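Q: Sequence and predicted structure, then a few things I'm wondering about:
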Amino acid sequence: MLKNISPILSPELLKILMEMGHGDEIVIADGNFPSASIAAATISKKFVRLDGHGVPEILDAVLQLMPLDTFVEKPVALMDNGDSEHRPEVWTEYEKIVNKYEGEKSIELVERYAFYTRAKSAYAIVASGETATYANIILKKGVVQ
């Protein structure tokens, strides 16, 4: 255990966050996302399970340590549910968490199959126990100022 680091963050995930460079992306996936198979298709094959934790609490723990990219317009991407009239409630939580640590950021909606493709180029995939649907999120790492 370490001081001031969320116990949600496993040693493996902390190592991954430290290894990531500017512009690398990490996926925090809900329980329905094909995390293991997508991770197997990535170049790095980095895959962490955080069963028992939801995406919002993992997002909160990660953003306490990792800055978002300020050189791109939208450093956060969500898997689009294809229904502009019914946003998943969890997205509002994500916006609040991002704003808390990084200020107001534009968030990109990515079509489901395009999200899968983009996830395959991510540095790492984090599988959560999140039960909300369309609760997948991609974060682009920034520079520590």
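A: Yep, it's here. Numbers count the residues shown, from 1 in each chain.
Q: Ile58 versus the nearest residue to Pro34 once chain neighbours are set aside, what's the distance?
A: Leaving aside its chain neighbours, Pro34 sits nearest to Tyr116 (7.6 Å; criterion: C-beta to C-beta, 6 or more residues apart in numbering). Heads up, the C-betas are built off the backbone N, CA and C, glycines and all. Separation of Tyr116 from Ile58 (C-beta to C-beta, to the nearest Å) stands at 20 Å.
Q: Compare these two (neighbour count), which wins?
A: The residue with more neighbours, out of Tyr116 and Ile58, is Ile58; 25 against 18, by other C-beta atoms under 10 Å.
Q: I'd say that one and Pro7 touch.
A: No - using C-beta atoms under 8 Å, Ile58 is not in contact with Pro7, being 11.8 Å away.
Q: Next, show the common contact partners of those two.
A: When C-beta atoms under 8 Å, 6 or more residues apart in numbering defines a contact, no residue borders Ile58 and Pro7 alike.
Q: For Leu59, which three-state class applies?
A: What DSSP: H, G, I helix; E, B strand; the rest coil gives for Leu59 is helix.
Q: thinking it is in contact with Glu95, fair?
A: No - between Leu59 and Glu95 there is no contact under C-beta under 8 Å: 10.6 Å.
Q: Compare those two and say which one has the larger neighbour count.
A: Leu59 (23 against 15).
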